[in-house]
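1. below is the sequence, then the predicted model.
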Amino acid sequence: MILVTLKWHERSRAELTRRYDATADLPEGVEAFEIPGAGETIFWIPEHGALVPGDRILGDRPPGLRMCPESWLRHLGGYTQEDLRSGLQPLLQLPVEMVLVSHGEPVLRDGHAALERALV
């Protein structure tokens with residue numbers, strides 16, 4: 001399965017789909033959370049308690065999380081980090097154990113606490 005979190009990440013999807021005989025269909029049991037205005041879909045895999053963001057939530061030390069820099073939002077027409085923080089709040093309703101980030105070190109345990117710290 002190949003899931004795309006941001007439209008800019010689609011650049012290699014067709015090639016990878018062919019190479020690995022994959023599909024882009026959402027697997028059964030995986031939920032997609034579109035973050036309003038952020039241009040991102042974050043995937044939730046309840047079976048593993050795993051949250052899979054693209055570019056809006058990043059790994060930080062010591063293993064922790066942070067929101068992306070404001071500069072990464074500049075192409076979104078005035079969308080701010082406060083808008084992002086607000087858009088990510090519903091994720092705090094999930095029993096997150098792991099956050100498998102695209103940038104930085106993943107959080108492999110106590111992901112909910114790391115997510116909560118990143119969104120304050």
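-> Arrived safely, thanks for sending. Numbers count the residues shown, from 1 in each chain.

2. alpha carbons only for contacts and neighbour counts from here, please
-> Will do.

3. ok now do residue 96, which residues does it touch?
-> Applying CA atoms under 8 Å, 6 or more residues apart in numbering to residue 96 gives the contacts 49, 50, 51, 110, 111, 112.

4. out of those, flag the one nearest to residue 15.
-> Relative to residue 15, the closest of the contacts of residue 96 is residue 51; by CA to CA it sits at 25.2 Å.

5. what lines up beside whichever strand or helix holds that closest one in the sheet?
-> Using DSSP states H and E, residue 51 maps to strand 50-52. In the sheet, strand 50-52 lines up against strand 40-45 (antiparallel), strand 98-99 (parallel) (DSSP bridges).

6. out of those strands, which one sits most buried?
-> The highest average neighbour count among those, using mean count of other CA atoms under 10 Å, belongs to strand 98-99 at a mean of 24.

7. give me the distance between the host helix or strand of residue 15 and the centre of its chain.
-> According to DSSP H and E, residue 15 maps onto helix 13-19. Put simply, helix 13-19 sits 21 Å off its chain's centre (CA atoms, centre = their mean, to the nearest Å).

8. could you pull up the mean pLDDT of that helix?
-> Helix 13-19 carries an average pLDDT of 88.

9. my guess is residue 100 meets residue 52, correct?
-> Yes. Here residue 100 lies in contact with residue 52, judged by CA atoms under 8 Å, at a distance of 5.0 Å.

10. what residues does the strand holding residue 51 touch?
-> Contacts for strand 50-52 (CA under 8 Å, 6+ apart): 42, 43, 44, 45, 96, 97, 98, 99, 100, 101.

11. what is the rounded mean pLDDT of it?
-> 97.

12. follow-up on the earlier one: export the contacts of residue 96 to CSV and tack on distance to residue 59 and neighbour count?
-> Formatted as CSV, those follow (distance: CA to CA, whole Å; neighbours: other CA atoms under 10 Å):
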residue, distance to residue 59, neighbour count
49, 17, 18
50, 14, 23
51, 12, 27
110, 14, 16
111, 11, 23
112, 13, 22
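
13. with that, I have no additional questions.
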